[in-house]
Structures are given as structure tokens and as C-alpha cells.
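1. Sequence and predicted structure below; questions after.
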Amino acid sequence: MWTYYWVLQLSKNANQQEINKAYQKMISIWHPSKNPRNPIAQSRFNLINQAYKVLCDPVERARYDKFGDPAFTENHGLKKQPAVETPLRCTLEELYVGKTKNLRITRSIVAFDGGKNSVEIILSSVCLYWKTPTPRVAVMLALRGIMENEEE
């Protein structure tokens, strides 16, 4: 598999001068005006420009070295984290009547530099209710109310 270093024929520890020199050399070889009959000249020329753009910027180069080429695709080389799921304790009555509860969720997010930043997300108004409770739920609530009254 090719890398941007391979495209410009460089080693990974090349300095800025070497990158510039290799870029000029490869552009002079693969420029479409110098290769009008070569069908891959334009795509190779574009790839050389893309490699140069990444390798000449220190931040982009560090990101490329850490994550590779997928770091420059749509998802930046990182997998999407799964949705946050957390158990929420509530009674059947709270679901039926409605109740607002406060949640505190902590989720860690990976930074581009590879470190982990812990980010705290606070959702303060989670409403619990069923818009249209089923008859079975209504009967269960009614029976629960009767049983609670008998126990007193």
C-alpha cells in the first residue's frame, strides 16, 4: 500500500527542504502538460499535490503519521462511539403520570493528538411519560393503588 512518503519518494524523517525538493521533482515528472498521452498523469499529479499539502504542514503531518491516510477521509479515521446508554430508575407510576429527572453522564472523547479528554455531559430535564398508556398499564397502576391503600 502506498503512503504520502512513497508518493514523494521520501523517508518518514524527511525535513521541509527535502519535502520541497521531492515535490518539485515529482511535479516536473508527472505534470499533465508534460504527459498529455499518459492517462494516469492527472491522477498522479493530484496525488502528489495532496501528499505535499499534508506533509508540508506540521500539524497535518503529525496527524497523518499518527492515524495514516484514513485520518484525511470523511470520518477523520476515528470510529464513531456508540450511543450513550444509561439505566434510569423510575417507577411505573412516574412513567404514567410523568416525572422530570436529572441525569449526569460522563463520556470520554479521543482527541486528535491521541490523548483522551474526559468530557462531562449534563442533561437536566429528562421527561418520563407515556403519551398513551395501554389499558394493561392503567389496570396495573389501579391495582397497585388499591394494594397500597389496603396495606395502610
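-> The structure has been received and is ready for your questions.
2. From the recorded domain assignment, give the ranges for this protein.
-> If you go by automatic domain parsing, the domain ranges for the chain are 4-72, 92-151.
3. which stretch in these is the model least sure about?
-> Ranked by mean pLDDT, the domains of the chain bottom out at domain 92-151, with a mean of 59.
4. Output stretch 50-58 as CSV - backbone C-alpha positions only.
-> Taking C-alpha atoms only, stretch 50-58 is exported to CSV below (Å, rounded to 0.1, in the frame of the first residue of the first chain):
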residue,chain,number,x,y,z
GLN,A,50,-2.3,16.1,-1.9
ALA,A,51,0.8,14.4,-0.4
TYR,A,52,2.7,17.7,-0.5
LYS,A,53,-0.2,19.6,1.1
VAL,A,54,-0.2,17.1,4.1
LEU,A,55,3.5,16.7,4.5
CYS,A,56,4.5,20.3,4.4
ASP,A,57,2.0,21.3,7.2
PRO,A,58,3.5,20.2,10.6
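5. give me every residue that touches Ile19.
-> By Cβ atoms under 8 Å, 6 or more residues apart in numbering, the contact set of Ile19 is 8, 10, 52, 55-56. Placement of C-beta: from N, CA and C, glycine included.
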